[in-house]
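K.L.:
Give me a model of this one.
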Amino acid sequence: MREFDTTFRDRLLDIEKPDPVYWQEYERQVKAMIEKKLTGWTKLSHIIGLIMGLGFAGLFGTLAVIVPKEFPLWGRFSWMLGAVFGLVIACMSAWTLKKGTINLKDDEMASAGLGWAFIVIVGSIVLVFSGSLPDPITGIHMLVSLLFFLVMAAVFMIRAFIQRSELNTREKLLEIEYRLAELAEQVKSKQSQ
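P.N.:
Numbering: from 1, shown residues only. Predicted structure coming up:
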């Protein structure tokens, strides 16, 4: 009985080794599913992202430098943070444009995560320091405004998670499909012998 189990296991493991032809086709299809060439609207959106990122970096960087001395330090820090995030957005857009493709798993998640991180960091700073403002209504106005952007960032983050989950599922189903086709071919060739 033990010898039968060992040989049966060995035969299953031999069958389990992926055929290079099927594996290459699987990898080609996965890449085609995840990597999309930039065309038309997607290219335009990344060009706009590049311009907006540079604009945010210039605007927020300038505001951080030229605000009056009595402007709170946390406000100046928030402006500088906006400038840094603007540069990161510009770099990400430029890199995507240079590649000419977008990775629907990683690039979309990175963009959504960047927006989420920025809003959460700035929101936390405003939440902590808004009580120190001379006019409490201004602090409340700032927090309500940030809440709007937080909801928008959350929607983009959820959308990116859903898209990544869908791609992971499609990738796994494609792998199963190729493995089944490969196993069916192996069984068919063994039966014909």
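
K.L.:
tally of neighbours for the nearest residue to E175 once chain neighbours are set aside?
P.N.:
Of all residues not flanking E175 in the chain, Y26 sits nearest, at 6.1 Å (C-beta to C-beta, 6 or more residues apart in numbering). Backbone N, C-alpha and C define where each C-beta goes, glycine included. By other C-beta atoms under 10 Å, 20 other residues sit near Y26.

K.L.:
list the contacts for Y26?
P.N.:
By C-beta atoms under 8 Å, 6 or more residues apart in numbering, Y26 lies in contact with L174, E175, Y178.

K.L.:
Was I right to think the last one contacts R28?
P.N.:
Just to be clear, that refers to Y178. No - using C-beta atoms under 8 Å as the test, Y178 is too far from R28 to be in contact (10.7 Å).

K.L.:
more neighbours, these two?
P.N.:
Y178 (20 against 10).

K.L.:
Next up, the contacts around the more buried one.
P.N.:
By C-beta under 8 Å, 6+ apart, the contact set of Y178 is Y22, W23, E25, Y26.

K.L.:
rerun at 6 Å
P.N.:
Y22, Y26 (C-beta atoms under 6 Å, 6 or more residues apart in numbering).

K.L.:
Domains of this structure: list them as residue ranges, please.
P.N.:
For the chain, automatic domain parsing gives the domain ranges 37-102, 105-193.
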